[in-house]
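In: Everything below, folded, please.
(chains A, B, C and D)
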There are 2 protein chains.
Amino acid sequence: MRIGELARRAGTSARTLRYYEEHGLVRSQRAANGYRAFDEAELRVVREIRELLAIGFDLDDIRPFVACLRAGHESGGVCPDSVAVLRRKLAEVDAYLGRLGEVREQLHAQLTQAIARREKACPRRSSPLPRS
Amino acid sequence: MRIGELARRAGTSARTLRYYEEHGLVRSQRAANGYRAFDEAELRVVREIRELLAIGFDLDDIRPFVACLRAGHESGGVCPDSVAVLRRKLAEVDAYLGRLGEVREQLHAQLTQAIARREKACPRRSSPLPRS
DNA sequence: GCTTGCCCTGACACCGGCGGCAATGTTTAG
DNA sequence: CTAAACATTGCCGCCGGTGTCAGGGCAAGC
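Out: Numbering: from 1, shown residues only, chains lettered A, B, ... in the order given. Now for the predicted structure:
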C-alpha cells in the first residue's frame, strides 16, 4: 500500500503520515523507486494514533500504544506502559476538570454579579439569568 | 511610573507590558527621553488583564474589560460587551467540560478494560482499580 | 510525446503570549 | 568619572501537528 491509499483509508493526509514516520510511530518499506510501501497492519496503527490524538494525547504519549499493537495485542492499551500513560492522562484530565470547574464558577459569579448591578442601575421586569 | 515599577507592582515583566501596549491594551505617555510614563490607573488595568489571562481568556477577549475600566467602572465586567464575552466564555467552558467529561469516561473505560484483561491473563489476589 | 496523477524531500507558516538577546541611550548613586 | 541599573526598539525562538508550496522524479493511458 502506498502513502496516498493509506492516507485515504485512515482519513488523514500523506503529509501527516510522513510526519508520523519521521517521529517513529509508523513504519514503511521502500520500493525501488523510493516510494513508501506500507504494510496492511499500519492502517490499524494510524487509526490508533488518530483516535488518541483526538482525545488529547500527544505523539509521545501514543508511542507505547503503537508498540503494544506491534507486539501483537489486539488493543493498544493493554500493555503496562500504555496503562501507565492512561493513568497519568486520567489524572491530568481530572485535574483539568477541577480547574475548569473553578473557572466556570468564577465566570458564573462574575456574570451574575454584572447582571445584578445592571438591574440595580436600570431595573426591568425580567432578568435573563444564564442557565445553571 | 516607569515600566519597571509597573511590572514589579503588577507582578509581571517589562517585556509583557510592552506587548500589551503594542496590542492596545495598556496606554502610556512618553517622557522627553523616550521612556514610557504610566498612569496609576494602568496598574488596575494590568491586574485585570493578568487575572483574565489566568482564567483562560485571550487578549482579544480582554479588550472590552479594559475599555470598561477606562470608562470609569469599578469592575471590568459590568459593561455589555464584557458581559457578552463572559456569556460566550461560560458557554465555551461548559462545552469543554462536556467533552472533557467524555474523554474521562473513555480513559476510565480503557483503563478498566486493560486491567480486567491483565487480571484474566495473570490473576493476582487484589487488583488496584483506579480511583472513582 | 504529453498529460495526469502519484510520489519524493525540504522548508516555511501558523498560533499566542511572551522570554531573551543585541545594540544602544539615560539616569542615578558612589 | 564610572559603573550599575534602567530604558528603548527589533527580532528570533518556542510548542506541535499539520497545511502548503517549491522543485523535482516515476508510472500509465492516449
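In: Name the helix or strand of chain A that has the lowest mean pLDDT.
Out: Scoring the helices and strands of chain A by mean pLDDT, DSSP states H and E places helix A:80-121 at the bottom, with a mean of 92.
In: name the helices or strands packed onto that helix?
Out: helix A:59-70, helix B:41-55, helix B:80-121 (3 or more CB pairs under 8 Å, 6 or more residues apart in numbering or on different chains; DSSP states H and E). (Each C-beta comes from the backbone N, C-alpha and C, glycine too.)
In: A:Ala31 and A:Ala37 touch, don't they?
Out: Yes: counting by CB atoms under 8 Å, A:Ala31 touches A:Ala37, with 5.2 Å between them.
In: Just to check, A:Gln113 is in contact with B:Gly77?
Out: Yes: between A:Gln113 and B:Gly77 there is a contact under CB under 8 Å: 7.2 Å.
In: Looking at those two, which has the bigger crowd around it?
Out: More neighbours surround B:Gly77 than the other of A:Gln113 and B:Gly77, with 22 against 14 (other CB atoms under 10 Å in any protein chain shown).
In: Please render the helices and strands packed on helix A:80-121 as JSON lines that adds distance to DNA strand C to the earlier fields.
Out: JSON lines is the format used below for the helices and strands packed on helix A:80-121 (distance: least, CB to the nearest atom of the strand, whole Å):
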{"stretch": "helix A:59-70", "distance to DNA strand C": "15"}
{"stretch": "helix B:41-55", "distance to DNA strand C": "5"}
{"stretch": "helix B:80-121", "distance to DNA strand C": "13"}
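In: tell me the phi and psi of A:Gly56?
Out: A:Gly56 has phi and psi values of phi 120, psi 10 when expressed as degrees, to the nearest 10.
In: residues contacting the closest residue to it other than its chain neighbours?
Out: Spatial nearest neighbour of A:Gly56, chain neighbours left out: B:Val103 (6.3 Å); criterion: CB to CB, 6 or more residues apart in numbering or on different chains. Going by CB atoms under 8 Å, 6 or more residues apart in numbering or on different chains, B:Val103 touches A:Ile55, A:Gly56, A:Val93.
In: Please tell me how far whichever residue of chain A sits closest to DNA strand C sits from DNA strand D.
Out: Nearest to DNA strand C in chain A, going by CB to the nearest atom of the strand, is A:Gly4, at a distance of 2.3 Å. Distance of A:Gly4 to DNA strand D, given as CB to the nearest atom of the strand, to the nearest Å: 11 Å.
In: Tell me, how many residues neighbour that residue?
Out: 13.
In: That one contacts A:Ala14, correct?
Out: Yes: the criterion here is CB under 8 Å, and A:Gly4 meets it with A:Ala14 at 5.9 Å.
In: what does chain A put close to DNA strand D?
Out: Within chain A, the residues that sit near DNA strand D (CB under 7 Å from any atom of the strand) are A:Thr12, A:Ser13, A:Arg15, A:Thr16, A:Tyr19, A:Tyr20, A:Ala32, A:Asn33, A:Gly34, A:Leu53, A:Asp58, A:Leu59.
In: Repeat the analysis, applying 10 Å as the threshold.
Out: Selection of chain A residues close to DNA strand D by CB under 10 Å from any atom of the strand yields A:7, A:12-20, A:22-23, A:25, A:31-35, A:46, A:49-50, A:52-54, A:56-62.
In: Now the buried members of these.
Out: Buried residues within the residues of chain A next to DNA strand D, counting neighbours by 16 or more other CB atoms under 10 Å in any protein chain shown: A:7, A:12, A:16-17, A:20, A:25, A:46, A:49-50, A:52-53, A:57, A:61-62.
In: out of the residues you listed, what pair is the most spread apart?
Out: Greatest spacing in these, by CB to CB: A:Ala7 and A:Asp61 (22.5 Å).
In: wait, doesn't A:Val83 sit right on B:Arg117?
Out: No: under the criterion of CB under 8 Å, A:Val83 makes no contact with B:Arg117, lying 10.1 Å away.
In: Between the two, which has more neighbouring residues?
Out: More neighbours surround A:Val83 than the other of A:Val83 and B:Arg117, with 19 against 14 (other CB under 10 Å).
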